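Asker: no sequence on this one, just coordinates:
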């Protein structure tokens, strides 16, 4: 089978399944692992796919979400700065809601420095983190998202709405210059909305790289939240909301 034939088969498989492991593609094309790795590198270099550890992800429509596996490896320093800023907003004994974003996961990892917290999250990775930090953590359950490693859907949302939190932390795909918080996933936005409505204080976890064009779905505006935690001072870009940035 020629590379063009393999390319067509790989892209067709990814269009149906969105992602694939090297083992899956080897079985599909009846070729060796090294051959698939070379093919995936060529497709990634051409901008048609995104390589992941052990496989690939379709580089599709601009409003489609980037897998959590990739996001966790990006902007690590920035996420650590944001998480530490957020830690200063949390008090011992607080009930804290945290979404399944990669920055939210970074925050979960450092909550062990606080005492008597109750954490409510839709992150499927929270159990692993909680076992290391010792923080009492309630995980929503629900429909599992392969993209975010988080739980979404009616069950997850209803679980969140059973509680009243002191503060919540969430992220979106984009903050537009006019102050709209937008995301690629309607389902993720519904979870964030529930957290905001059930918390006394809401905090947007924002990497400054996310300032840009609107994505598929609008969650809310800066008027509707209390704080924005960013790795650097970008408040001058939002003079109307300057006091919200920390």
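Answerer: Cool, the structure landed. Just so we're clear, the structure is a prediction, and the values are computed from it rather than from any experiment.
Asker: Only C-alpha atoms from now on, for both contacts and neighbour counts.
Answerer: OK.
Asker: Show me this structure divided up by domain.
Answerer: 3-60, 71-244 (automatic domain parsing).
Asker: mind checking how far the most far-flung residue of the chain relative to its centre is from residue 186?
Answerer: Distance from the C-alpha centroid of the chain, by CA atoms, centre = their mean, peaks at residue 1 (38.1 Å). Look at residue 1 and residue 186: by CA to CA, to the nearest Å, they are 40 Å apart.
Asker: sorry, back to before: output the domains of the chain in CSV; the columns should cover mean pLDDT.
Answerer: As requested, the domains of the chain are exported to CSV (pLDDT from 0 to 100):
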stretch, mean pLDDT
domain 3-60, 85
domain 71-244, 94
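Asker: winner for burial among those?
Answerer: Most buried of the domains of the chain, by mean neighbour count (mean count of other CA atoms under 10 Å): domain 71-244, with a mean of 19.
Asker: now that domain, how far from the centre of its chain.
Answerer: 9 Å (CA atoms, centre = their mean, to the nearest Å).
Asker: With stretch 238-246 instead?
Answerer: 23 Å.
Asker: Contacts made by that stretch with the rest, please.
Answerer: Applying CA atoms under 8 Å, 6 or more residues apart in numbering, the external contacts of stretch 238-246 come out as 85, 177-179, 222-223, 226-230, 233-236.
Asker: switch the cut-off to 7 Å
Answerer: 226-230, 235-236 (CA atoms under 7 Å, 6 or more residues apart in numbering).
Asker: Within the sheet, what are the partner strands of the longest strand along the chain, with directions?
Answerer: Secondary structure assigned by DSSP state E gives strand 199-206 as the longest strand of the chain. Here strand 199-206 is paired, per DSSP bridges, with strand 165-170 (parallel), strand 227-230 (parallel).
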